[in-house]
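Student: Provided below for reference: sequence and predicted model.
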Amino acid sequence: MTSRSAASASPETNPEPVALNVLLQACGQGNRLAFETLYRVTSSRLFGVCLQYVGDRAEAEEVLQEAYTAIWLKAGTFDATLSSALTWMAILVRHKAIDRRRAQRRHEPLDSLAEWPATQSVAEDFEAHRQRRQIDLCLKTLGKDQQTYIRVAFFEGYSYAELAARHRIALGTMKSWIRRGLLQLRACLGL
């Protein structure tokens, strides 16, 4: 996913949550133009969610296609009083990606599993878990806003420009807040 410049963060590429809710509700009524617009303004963000779970670009593209088919079919069940459209779609995308990962594990040949040294896998899993816990602890040392901005930028795939527009903050300010937060994280992690 590429970072967009401040000039390209137009309302069309960074709509308000209410606009997305309206688009998704229109999709639920069979409005194809609304679906095309919804896809155009949300696909890059939701692709980031797919990629985070499946790890492979081609696989993420397939999952995203399946997810948008499901979004079209289930849009009529969306309830704006329970969640925002983007949250609803991200959850659906996440479930599709997790289902894909599970299906891959079920179909993995047993021979390939036997080739993996179990002790190394357990050690790597333990180390990865330890690192995630350390990152979470260090994130908690940051201010609430910095925590949120860093999490959204790095774990949800938002660009700095999208974050700045979303929170109505100057792009330069957003960049320096995130940069300072990353420097604090680096120091906390001892890197």
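Tutor: All right, it came through fine. Bear in mind that the values here come from a model prediction, so they are computed numbers and not experimental data.

Student: how does the chain divide into domains?
Tutor: 1-108, 123-191 (automatic domain parsing).

Student: For residue 163, list the residues it contacts.
Tutor: Residues near residue 163 by CB atoms under 8 Å, 6 or more residues apart in numbering: 149, 152, 153, 169, 174, 178. (Each C-beta comes from the backbone N, C-alpha and C, glycine too.)

Student: any idea how far it lies from residue 23?
Tutor: Separation of residue 163 from residue 23 (CB to CB, to the nearest Å): 21 Å.

Student: again, but for residue 38
Tutor: Between residue 38 and residue 23 the computed distance is 4 Å (CB to CB).

Student: okay, these two: which has more neighbours?
Tutor: Counted by other CB atoms under 10 Å, residue 38 and residue 23 do not tie: residue 38 has more neighbours, with 26 against 23.

Student: looking at it, that one is touching residue 27, isn't it?
Tutor: Yes - with contacts counted by CB atoms under 8 Å, residue 38 reaches residue 27, the gap being 6.1 Å.

Student: Return the alpha-carbon coordinates of the strand or helix carrying residue 177 using CSV.
Tutor: Here residue 177, judged by DSSP states H and E, is contained in helix 171-189. This file holds the C-alpha atoms of helix 171-189, laid out as CSV (Å, rounded to 0.1, in the frame of the first residue of the first chain):
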residue,chain,number,x,y,z
LEU,A,171,-0.1,16.5,8.0
GLY,A,172,3.3,17.8,9.3
THR,A,173,2.0,17.6,12.9
MET,A,174,0.7,14.1,12.4
LYS,A,175,4.1,13.0,11.0
SER,A,176,6.0,14.5,13.8
TRP,A,177,3.7,13.1,16.5
ILE,A,178,4.1,9.6,15.0
ARG,A,179,7.8,10.0,14.5
ARG,A,180,8.3,11.1,18.1
GLY,A,181,6.2,8.2,19.3
LEU,A,182,8.3,5.8,17.2
LEU,A,183,11.5,7.2,18.7
GLN,A,184,10.1,6.7,22.2
LEU,A,185,9.1,3.1,21.2
ARG,A,186,12.5,2.5,19.9
ALA,A,187,14.1,3.7,23.1
CYS,A,188,11.7,1.6,25.2
LEU,A,189,12.4,-1.5,23.2
